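S.K.: here are the coordinates; sequence isn't available:
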Ligand code: GLA
């Protein structure tokens, strides 16, 4: 082969190896913690390090949480006037951001940052528009593992183009970084972002209320059930490596324990990314138990990567079904009302042939063992009818195993 031929071949191999680094970045929904829901822009080095320590001591890491993501507010108000680089706020991060990243990595965890496709972030810090490749190189030099990319101050931009540019910039910079699109579902990213990033927000911001909306005048945030109502039509777009993101968790942020449990359960049924949004330094025993329950997390992290389907809705109780690996199914009865509801389920009547997963739930043909995920109780098999009471604003989650 001539010299030029060898060079072309080597370049092709290098490009292939580069592309492979980005394969399989989020085969199950990413799990971690994000600063925004509790701290907004009041973040700093100490908070990030303490949170990393608490990932270990509270059992969050053991439960599968890996990413510590600092949201809006980590930057100084202006870029470096000579280089144009982003500058971590020197007051909040007196030892620079690399020191924080290294600390988080030293705990066996991963680290993420936030920016915006527009000229400024939502809180008014320097945005990435026009600096995509430079910022991507900066993130790679810091050694980050996750980038949340927002959509404020993006007037005149095409979302698909802007997010594709940043995605390409991250690939060019060469460090595998999970790319989390946050344009609130405005431009239907589920239709075009599968190759662009690993997760995309499907809605506006979440609020720490069970239902309804929180009105802030010029904008509003959505209660947990309001978000749930926007998810079931998006089911077919989620799968290993590309997830619908109904926003970060509000567990531990003021709802009742049962409401937190319902919120967390339905996020797991939806195969949602699980980004805790509470103050781990003040986490109650109940919030910790909810966030770290391995059985419900196994439903979220199931390798089949299927989002649940809404099977039925009757008298304020929704039934969600999630096909799992090896023919198992998760069943979630979600009581959205303020009174408890009695249920009597004849499994043989609940048959589903799911085209998306290519599996079926069929208790006529199969006898499944029934296990209550939260109560940690075996509840017989699907040969017999299942009777239960779902408390108000709560769930019963079952795993049906073949
Ligand atoms: C938007 C996002 C939030 C958060 C804030 C930060 O509202 O949707 O999740 O990142 O910006 O300013």
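M.R.: Alright, I've got the coordinates. Small disclaimer: the values here were computed from a predicted structure and weren't measured.

S.K.: so where do the strands sit in the stretch 301-402 of the chain?
M.R.: Assigned by DSSP state E, counting those that start in this stretch, the strands in the stretch 301-402 of the chain fall at 309-314, 317-323, 329-335, 341-345, 352-354, 359-361, 369-372, 377-381, 386-390, 394-401.

S.K.: any weak-confidence spans in this protein?
M.R.: 1, 15, 17 (pLDDT under 70).

S.K.: contact residues of it facing the ligand?
M.R.: With Cβ under 6 Å from any ligand atom as the criterion, the chain comes near the ligand at residues 36, 71, 72, 114, 121, 122, 123, 150, 182, 205. In short, each C-beta sits where N, CA and C put it, glycine included.

S.K.: how deep is residue 184 tucked in, by neighbour count?
M.R.: Neighbourhood size, residue 184 [other Cβ atoms under 10 Å]: 18.

S.K.: contact partners for it?
M.R.: Applying Cβ atoms under 8 Å, 6 or more residues apart in numbering, we find residue 184 in contact with 151, 201, 203, 204, 205.

S.K.: residue 311: neighbour count?
M.R.: Other residues lying near residue 311 total 15 when counted by other Cβ under 10 Å.

S.K.: do I have it right that it meets residue 321?
M.R.: Yes. Taking contacts as Cβ atoms under 8 Å, residue 311 lies within contact range of residue 321: 4.8 Å.

S.K.: filter the residues of the chain next to the ligand down to the ones in strands?
M.R.: Counted as lying in strands by DSSP state E, out of the residues of the chain next to the ligand, are 114, 150.

S.K.: now render the residues of the chain next to the ligand as CSV, adding distance to residue 240.
M.R.: Output for the residues of the chain next to the ligand, formatted as CSV (distance: Cβ to Cβ, whole Å):
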residue, distance to residue 240
36, 26
71, 26
72, 29
114, 25
121, 30
122, 30
123, 33
150, 25
182, 21
205, 26
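
S.K.: taking the stretch 151-300 of the chain, what residue is nearest to the ligand?
M.R.: Using Cβ to the nearest ligand atom, the closest approach of the stretch 151-300 of the chain to the ligand is made by residue 205 at 4.7 Å.

S.K.: excluding chain neighbours, what is closest to that residue?
M.R.: residue 221 (4.4 Å; Cβ to Cβ, 6 or more residues apart in numbering).

S.K.: isn't the one you found right up against residue 213?
M.R.: Yes. With contact defined as Cβ under 8 Å, residue 221 reaches residue 213; the gap is 6.7 Å.

S.K.: and these two? which has more neighbours close in?
M.R.: residue 221 (20 against 13).

S.K.: can you classify that one as helix, strand or coil?
M.R.: In three-state terms, and counting by DSSP: H, G, I helix; E, B strand; the rest coil, residue 221 is strand.

S.K.: tell me the contacts of it?
M.R.: 204, 205, 206, 207, 213, 214.

S.K.: and which of the residues you listed is nearest to residue 272?
M.R.: Of all the contacts of residue 221, residue 272 sits closest to residue 206, with 10.9 Å by Cβ to Cβ.

S.K.: for the closest one, which residues make a bridge with it?
M.R.: Beta bridges link residue 206 to residue 222 when assigned by DSSP bridges.

S.K.: pull the number of nearby residues for it.
M.R.: Quick note: residue 206 (other Cβ under 10 Å) scores 24 neighbours.

S.K.: how far away is it from residue 39?
M.R.: Between residue 206 and residue 39 the computed distance is 15 Å (Cβ to Cβ, to the nearest Å).

S.K.: again with residue 148
M.R.: On the measure of Cβ to Cβ, residue 148 and residue 39 end up 14 Å apart.

S.K.: what's the answer for residue 325, then?
M.R.: From residue 325 to residue 39 the distance is 36 Å (Cβ to Cβ).

S.K.: neighbour count for the two, which is higher?
M.R.: When neighbours are counted by other Cβ under 10 Å, residue 325 and residue 39 differ, and residue 39 comes out ahead with 18 against 13.

S.K.: what's the residue in the stretch 101-250 of the chain that the ligand sits nearest to in contact with, if anything?
M.R.: Of all residues in the stretch 101-250 of the chain, residue 122 sits closest to the ligand, at 3.2 Å by Cβ to the nearest ligand atom. By Cβ under 8 Å, 6+ apart, the contact list for residue 122 reads 72, 116, 150, 152, 153.

S.K.: among those, name the ones in helices.
M.R.: In helices, judged by DSSP state H, none of those are found.

S.K.: quick check: domain ranges of this structure?
M.R.: Per the record, the chain has its domains at 19-300, 309-401, by automatic domain parsing.

S.K.: gap between the two ends of the longest one?
M.R.: In this case it means domain 19-300. Domain 19-300 has an end-to-end distance of 27 Å (criterion: Cα to Cα, to the nearest Å).

S.K.: what sits against the residue nearest to the spatial centre of the chain?
M.R.: Centroid-nearest residue in the chain, with Cα atoms, centre = their mean: residue 273, separated by 2.0 Å. Listed by Cβ under 8 Å, 6+ apart, the contact set of residue 273 reads 29, 30, 31, 180, 199, 243, 245.

S.K.: the same query, at a cut-off of 6 Å, please.
M.R.: With contact set as Cβ atoms under 6 Å, 6 or more residues apart in numbering, residue 273 has these partners: 29, 30, 199, 243, 245.

S.K.: look up how far residue 118 lies from it.
M.R.: Distance of residue 273 to residue 118, computed by Cβ to Cβ: 23 Å.

S.K.: ok, for residue 242, nearest residue in space, not its chain neighbours?
M.R.: residue 194 (4.5 Å).

S.K.: before we move on, what about residue 75?
M.R.: Residue 75's closest residue in space is residue 125 (Cβ to Cβ, 6+ apart), at 4.4 Å.

S.K.: burial of residue 378, as a residue count?
M.R.: For residue 378, the neighbour count with other Cβ under 10 Å is 10.

S.K.: looking at the contacts of residue 273, which are in strands?
M.R.: 199, 243, 245.
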